[in-house]
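Asks: Generate a structure from the sequence data that follows.
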Amino acid sequence: METAQLLFGRAEKMQEVARRAERSGDAERYASLRRILSTPVLDGSNLAVVSHGNPFYGVAGPPYLAEVKRP
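Replies: This is a model prediction of the structure:
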């Protein structure tokens, strides 16, 4: 939430993004998130989804997104 608020000035909490899952968990656990990501946005608008890696891994599969630490 903090990242989205810093980037965009506002944020909407969504359970579809917040749920945690095992990497090998139920494929349907993120069906709602999959629908959100596959629904076209209205002309002239944008949609940004900010979360940790687990929901995205659950929807898109490997590779697991890694954080890169810069010196």
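Asks: Please count neighbours and contacts with C-alpha atoms only from this point.
Replies: Noted.
Asks: gap between the residue with the largest distance to the centre of the chain and Q15?
Replies: Distance to the chain centre peaks in the chain at P71, reaching 26.9 Å (criterion: CA atoms, centre = their mean). P71 sits 34 Å away from Q15, going by CA to CA, to the nearest Å.
Asks: picking that back up, any idea how far the residue farthest from the centre of the chain lies from T3?
Replies: Applying CA to CA, the value for P71 to T3 is 21 Å.
Asks: what does R70 give?
Replies: 19 Å.
Asks: So the two - more neighbours on which side?
Replies: Looking at R70 and T3 with other CA atoms under 10 Å, you find the greater number of neighbours at T3, namely 12 against 4.
Asks: Show the contacting residues for that one.
Replies: Counting by CA atoms under 8 Å, 6 or more residues apart in numbering, T3 touches V50.
Asks: Which strand or helix spans it?
Replies: Here T3 sits within helix 2-8, counting by DSSP states H and E.
Asks: Name the next helix or strand downstream of that helix, please.
Replies: Next along from helix 2-8, by DSSP H and E: helix 15-18.
Asks: buried residues in that following helix?
Replies: The neighbour-count check on helix 15-18 (16 or more other CA atoms under 10 Å) flags 16-17 as buried.
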